[in-house]
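1. Show me how the following folds:
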Amino acid sequence: MVMKLERTIEQERRRVQWLSAAGVFVVTLAVLWWNAAPGVSFHDSGEFAMAAASAGIPHPPGAPTWTMLASSFVRLGGFHDPARGTNLFSGLWGAITLGLLCWLAQMWTIRIFPNLPRWAHPAAGISAVLVMLHSSGFLEQSFITEQYTLMTALFIAALIVATEIISDTNTPARTVRLCTGFGLIWGLAIGNHPSQLLLVLLAAWAIWIARKNGGPARMVGACAAGLFTGLLVFLWVPIRSHANPIMDWGNVKTLDRFIWAITRQQWELRPISEAPRNLVPEWIASYDLLRQLGVAGLALTAVGVAALVKRQHTLLGWLAVLSVTYGAGMLYGHLRQKSIHLEYISSYGVVDWHLPIYLACALAAAIGLAWIVSRFRSLPTVVLLAALAWGAYSSVSHNSLRRYTAPDQFISDLLTPLPADSLIVASGDNLAFMMGYHSYIQRPKGAPWVLVHSLSMEAVMARAPDPKTAKMVFVAGMVVDKDRQPFRVSVPSHIGNRPLRVFGDYFYEESSDYAYMLPDGLLFEFTGRKVTNKEVLAAENEWRAQYPKLLREPGPDAKRLERDAYSRLYAARGMYFAMRKMWSQAAESYRLSLEWVEANGGMWVCLGDSLDRMGKTNDAVEAYKRAMWYLPTYPEPKYSLAMVYARSGYFPAAETLLVEALRETPNDKQTQQKLKEVRSKMKSGGR
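-> Below you'll find the model as predicted:
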């Protein structure tokens, strides 16, 4: 009789779990789809939308799990605009994540607090969901085309299966089957994002706990078999590369290229000792848990961690190991990646990389709510759930992209001054992949050809000194280098009776492309010859007279990725003019860049340099001080400000700044020499 009653209670719990998780999925799917972006968006969204539309290959290692599923979704949905379909695909996996999160939170709270009222465990699951809906990072990734909501769904699915593996009620056969399922999920998760290699720790821990039930050898073998099966998705990469889809990043047709892709060799590495000194604290600050979880969510997370410490060390260990390992692994990888710097973290933001951390916090928050129910029953729980619901509602409303037209405006701003059927040679993600999607997937009449920058005009001129042929040699280099050119397109040398005009952005200070470029709107035209500053100024004045409203400032509702995209465009203009020593135009462009993203210390340094060259000393001093605020451990703003003070005769202030700069770079010869000069002038009677 007792056993029958226990089975009935367990069945009722399961039914409530299923109903609540299914309800969460349905409701959040409606919310996420209603607020999804209408089309292509910024950064990697254009790249992934192109990959889904063409069944192609995005950046290495190729995200084959995501691409296969997204391509199938777009084709089955029959979307007129594939980017709209992939945005909804992200929302689908966001809703699956939240449904699974609700299920897992109930599993864990039942293990820890089995004697709570029936409504308490579903309430705990819903609290975890509301905490995640407060996260602007999770919402953003659910509204646009990206791979991170699929990552979070597979991450939670792996935790659910691991929790089932350690159940005391399993038969040996079921335990082995669960290990196979875990391995399959793990392999698919790696096929979506390589960071999910960390699930090896979860697999090892779960197998160790359940070793007496299924037999460790059989369990490891089953998990390995499932993993191998899941990893077979990587065969998609060379198979599709041989079909030459429009998006074919890496030209992965040989074993060498396959190894190059899956080991992500396209990113240059550096020793950790060469990483920016303040990158670690800046990275930790970027978690921004208070803003992402809200006050109530963060408080519940703290309560939940305390409850886990007292009651359930295994689940606490899982959360801690996965969170710390994931966070440490991502941090290590970006300390090593040469292109990651402080401005990237502070101005662009890396909140999308932190989603597994926020999931762990949401699970802890659910346990925190269950603990509160166990102590205080219903009233505080209702108040907390109401606070979480209000925070989620406010966050969804604020971050909604339902009527988001900024990407279309961005494309229009770029194309307005350009002739039809021109060629854009792009170096940045926004320009390359948003414009690539516009040209090769949407295909409006007169759309430009788009290629990705892999050569410099200076190299072209060295091989083709004839200005008449230089541009086409440049274009040919773009097309021929398939290992670096992700677009499989054939660019004509002429459009009708006129030669193809080549445009590009400028964002690499070490490049000499600026010498051959004339401004035309927000981009630059490659002329095939070196141009004078007089010609540059005439071209700049001409297009600005024709399109006086093209240089724009951000609106009050400008989103993170939109701000980054425009900021980079204006920063490129600033660098172009600074390389040409056209300081007034450079300062104007840098100011516009900072209007879009203020927290960019490097851009404040550039603005200060331009103002200093213009003789606007006081303004330059303020710019350098702002740079020091955003980059407290960088020597550049300190050195630059010290030089301004030294020229003005304020030698003690200059000495202090140079000493601080040398603390950051003790072996810098230039700073050492300037410090000697300043001290010498102080001895001779300087202020």
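2. Show me which residues of the one helix or strand residue 450 maps to are buried.
-> Secondary structure from DSSP states H and E places residue 450 in strand 449-452. Neighbour counts over strand 449-452 (16 or more other C-beta atoms under 10 Å) mark 449-452 as buried. Where C-beta positions appear, they are placed from N, C-alpha and C, glycine not excepted.
3. What of stretch 21-32?
-> Residues of stretch 21-32 classed as buried by neighbour count (16+ other C-beta under 10 Å): 21, 24-25, 28-29, 31-32.
4. Then stretch 310-325?
-> Neighbour-count burial for stretch 310-325 flags 312, 315-316, 318-319, 322-323, 325 (criterion: 16+ other C-beta under 10 Å).
5. Touching it from outside, list them.
-> By C-beta atoms under 8 Å, 6 or more residues apart in numbering, the surrounding residues in contact with stretch 310-325 are 108, 111-112, 159, 162, 166, 198-199, 201-202, 205, 209, 305, 308-309, 356-357, 360, 363-364.
6. And those, which of them are buried?
-> Buried members of these, counted by 16+ other C-beta under 10 Å: 108, 111-112, 159, 162, 166, 198-199, 201-202, 205, 305, 308, 356-357, 360, 363-364.
7. and residue 76, how far is that from residue 584?
-> 55 Å (C-beta to C-beta, to the nearest Å).
8. Have a look at the two and say which one is more surrounded.
-> Higher neighbour count among residue 76 and residue 584: residue 584, with 13 against 9, using other C-beta atoms under 10 Å.
9. that older thread, quick one: which of the buried residues of stretch 310-325 sit in strands?
-> Judged by DSSP state E, these include no members of strands.
10. So among these, where is pLDDT lowest?
-> Lowest pLDDT among the buried residues of stretch 310-325: residue 312, with 75.
11. what ranges do the strands span in the stretch 351-500 of the chain?
-> With strands called from DSSP state E, counting those that start in this stretch, the stretch 351-500 of the chain shows them at 423-426, 449-452, 494-495, 498-499.
12. what mean pLDDT does the second one have?
-> Looking at strand 449-452 alone, the average pLDDT works out to 80.
13. for the last one, same thing?
-> Confidence over strand 498-499, taken as the mean pLDDT, stands at 68.
14. Tell me the secondary structure of residue 624, please.
-> Following DSSP: H, G, I helix; E, B strand; the rest coil, we place residue 624 in the helix state.
15. continuing past the strand or helix carrying residue 567, what's the next helix or strand?
-> Assigning secondary structure by DSSP H and E places residue 567 in helix 560-579. The first helix or strand that comes after helix 560-579 along the chain, using DSSP H and E, is helix 583-596.
16. Now that following helix: average pLDDT?
-> 95.
17. Which neighbouring elements make contact with that helix?
-> Applying 3 or more C-beta pairs under 8 Å, 6 or more residues apart in numbering; DSSP states H and E, we find helix 583-596 packed against helix 560-579, helix 601-613.
18. For the stretch 351-500 of the chain, which residues score under the pLDDT cut-off?
-> Along the stretch 351-500 of the chain, segments meeting pLDDT under 70 span 453-480, 493-499.
19. shouldn't residue 176 be in contact with residue 214?
-> Yes: contact status for residue 176 versus residue 214: in contact at 5.1 Å, counting by C-beta atoms under 8 Å.
20. wait, residue 371 sits on residue 304?
-> Yes: here residue 371 reaches residue 304: they are 6.9 Å apart, a contact under C-beta under 8 Å.
21. Which one's more surrounded, those two?
-> residue 304 (31 against 23).
22. how many neighbours does the residue nearest to residue 559 when sequence neighbours are not counted have?
-> Among residues not flanking residue 559 along the chain, residue 406 sits closest, at 6.8 Å (C-beta to C-beta, 6 or more residues apart in numbering). Around residue 406 there are 21 other residues, counting by other C-beta under 10 Å.
23. Residue 89 versus residue 406, what's the distance?
-> Residue 406 sits 21 Å away from residue 89, taking C-beta to C-beta as the criterion.
24. Point out where the stretch 551-687 of the chain drops to low pLDDT.
-> 685-687.
25. ok, now with 80
-> 684-687 (pLDDT under 80).
26. do the same with the stretch 201-350 of the chain
-> Ranges of the stretch 201-350 of the chain meeting pLDDT under 80: 212-214, 276-278, 311-314, 339, 341-350.
27. any idea how far residue 13 is from residue 109?
-> 11 Å.
28. Have a look at these two and say which one is more surrounded.
-> Applying other C-beta under 10 Å to residue 13 and residue 109 shows that residue 109 carries more neighbours, namely 31 against 17.
29. Check which helix or strand the more buried one maps to.
-> helix 82-112.
30. Quick one: distance of that helix to the chain centre.
-> 20 Å (C-alpha atoms, centre = their mean, to the nearest Å).
31. For residue 105, which non-adjacent residue is spatially closest?
-> Sequence neighbours aside, residue 366 is the residue nearest to residue 105 in space, at 3.7 Å (criterion: C-beta to C-beta, 6+ apart).
32. what residues are up against the one you found?
-> Residue 366 is in contact with 105, 108-109, 124-125, 127-128, 131, 300, 304, counting by C-beta under 8 Å, 6+ apart.
33. what do you get if the cut-off is 6 Å, keeping everything else the same?
-> When contacts are counted by C-beta atoms under 6 Å, 6 or more residues apart in numbering, residue 366 is found next to 105, 124, 127-128.
34. Make CSV from these and add pLDDT, distance to residue 425 and secondary structure to it.
-> Compiled in CSV, these are given as follows (pLDDT from 0 to 100; distance: C-beta to C-beta, whole Å; DSSP: H, G, I helix; E, B strand; the rest coil):
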residue, pLDDT, distance to residue 425, secondary structure
105, 94, 50, helix
124, 93, 54, helix
127, 95, 50, helix
128, 96, 47, helix
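35. Are any of these buried, and if so which?
-> The buried subset of the contacts of residue 366 - by 16+ other C-beta under 10 Å - is 105, 124, 127-128.
36. The closest residue to residue 55 other than its chain neighbours: which element?
-> Of all residues not flanking residue 55 in the chain, residue 71 sits nearest, at 4.5 Å (C-beta to C-beta, 6+ apart). Assigned by DSSP H and E, residue 71 belongs to helix 64-77.
37. Show me how far that helix is from its chain's centre.
-> Worked out by C-alpha atoms, centre = their mean, helix 64-77 lies 21 Å from the chain centre.
38. Taking helix 82-112 as reference, get the angle to it.
-> Calculated by axes from the mean of the first three to the mean of the last three C-alpha atoms, to 10 degrees, helix 64-77 forms an angle of 120 degrees with helix 82-112.
39. right, and residue 664 touches residue 632 too?
-> No: between residue 664 and residue 632 there is no contact under C-beta atoms under 6 Å: 9.7 Å.
40. ok, residue 370 to residue 595 distance?
-> Distance, residue 370 to residue 595, using C-beta to C-beta: 47 Å.
41. how far away is residue 416 from residue 410?
-> 11 Å.
42. of the two, who's got more company?
-> Taking neighbours as other C-beta under 10 Å, residue 416 and residue 410 compare with residue 410 leading, 22 against 14.
43. quick one, what contacts that one?
-> Contacts were defined as C-beta under 6 Å, 6+ apart; by that measure residue 410 touches residue 565.
44. what does the one 3 residues further on give?
-> The contact partners of residue 413, taken as C-beta under 6 Å, 6+ apart, are 522, 550.
45. cool, residue 32 as well?
-> Residues near residue 32 by C-beta under 6 Å, 6+ apart: 91, 94-95, 142.
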